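Student: no FASTA, just this:
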């Protein structure tokens, strides 16, 4: 972790400075919806990081990440509301239970490849959404669960938007550090080898099945932690937050930001949520787009179009493309300085 922090120290310093600046600004300068947007970016960044590790670094296609996101949210919400379990303990139990579930289903699912793997993970996501919706005695059915308690440390309760924002981004930064450390380790090199060629990885002694299951479990645990934070941040959850569209949303975030980059998750989450929360509602007011919003297809169409544009013009994602452009500009500037 220290190696990852040292290498990317200016990235983390910049992020921490921006987050701290927002916290220190007087409340009147912070619109509630902007804080909510930034908080949502933090939550979805955690889920998208796990998907980047699974898809971008290991090459395993997953279309049902919302299943683990929802599982973490529901387990944490049920334990803390119905059984009065401490929210922190409930979050831990949710992460362990989700990781165990991912471990059990990971072995049969990850034997599949390509389109078959994609369809299997999609099916898993749909099954979990159906269970969230129909196990009313546990999940509250279509109405979901309300009254989820806030997280707290001693007498300090994370009960305001600003406090929740700070807590979620603290989790997000830690998970980014852990993820970069994993990818710089021997395990990370093994995962990249699997992405390149499973047969070649096996030939040099990599246990392909074990590594694929382990990264699948790690991505599920990330999603579970994000789900628990989401439940305690919103204080209410429902099955609509973990449906097929949620899986598409998470996948789009990872692809748009850049699958082969941990930081791409943050860029992708920010871009997609700005599109969803800020731009699409404005578009819905235009008469030309109104029929799409009435049919409920606008979000899927928007995500599909954005995916097409990014894959055609920025195949490496926003973060990698911007980073490469900046590095190229810096090299040209250095060369001009030397020449001068």
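Tutor: Now that the structure is in, tell me what you want to look at. The model shown is predicted, which means the values in this text are computed figures rather than measured ones.

Student: Please make it C-alpha for all contacts and neighbour counts, starting now.
Tutor: Fine.

Student: Mean confidence (pLDDT) on the helix or strand where residue 44 lies, please.
Tutor: Residue 44 belongs to helix 32-51 when elements are defined using DSSP states H and E. Average pLDDT, helix 32-51: 88.

Student: quick one: buried residues of it?
Tutor: For helix 32-51, burial by neighbour count (16 or more other C-alpha atoms under 10 Å) applies to 35-51.

Student: which strands and helices sit next to that helix?
Tutor: For helix 32-51, the elements it packs on are helix 65-82, helix 161-184, helix 208-234, helix 244-257, helix 262-274, judged by 3 or more C-alpha pairs under 8 Å, 6 or more residues apart in numbering; DSSP states H and E.

Student: Next, the contact list for residue 88, please.
Tutor: Taking C-alpha atoms under 8 Å, 6 or more residues apart in numbering, we find residue 88 in contact with residue 151.

Student: In the stretch 1-150 of the chain, mark out all the helices, start to finish.
Tutor: For the stretch 1-150 of the chain, the helices defined by DSSP state H, counting those that start in this stretch cover 2-7, 9-24, 32-51, 65-82, 87-109, 114-134, 136-139.

Student: and residue 258, which of those helices is closest to it?
Tutor: Taking C-alpha to C-alpha, helix 32-51 is the member of the helices of the stretch 1-150 of the chain nearest to residue 258, at 10.1 Å.

Student: Now tell me what touches that closest one from outside.
Tutor: With contact meaning C-alpha under 8 Å, 6+ apart, helix 32-51 is reached by 62, 65, 69, 161-162, 164-165, 168-169, 172, 175-176, 179, 218-220, 222-223, 226-227, 229-230, 250-251, 253-254, 259, 262-266, 268-270, 273-274, 277.

Student: how about the helices of the stretch 1-150 of the chain in TSV, adding distance to residue 146?
Tutor: Shown next, in TSV, are those (distance: least, C-alpha to C-alpha, whole Å):
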stretch	distance to residue 146
helix 2-7	39
helix 9-24	28
helix 32-51	19
helix 65-82	8
helix 87-109	14
helix 114-134	14
helix 136-139	10
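
Student: Just name the most buried of those.
Tutor: helix 65-82 (a mean of 26; mean count of other C-alpha atoms under 10 Å).

Student: what angle do it and helix 244-257 make?
Tutor: Interaxial angle, helix 65-82 versus helix 244-257 (axes from the mean of the first three to the mean of the last three C-alpha atoms, to 10 degrees): 120 degrees.

Student: shaky segments in the stretch 101-250 of the chain?
Tutor: By pLDDT under 70, the stretch 101-250 of the chain has no low-scoring segment.

Student: circling back to that earlier point, among the helices and strands packed on helix 32-51, which is nearest residue 300?
Tutor: Between residue 300 and the helices and strands packed on helix 32-51, the shortest gap by C-alpha to C-alpha is with helix 244-257, which sits at 7.4 Å.

Student: which helices and strands sit right next to the closest one?
Tutor: helix 32-51, helix 65-82, helix 114-134, helix 262-274, helix 298-313, helix 318-339.

Student: Hey, what's the angle from that helix to helix 318-339? Just curious.
Tutor: Computed by the same axes, to 10 degrees, the angle between helix 244-257 and helix 318-339 is 10 degrees.
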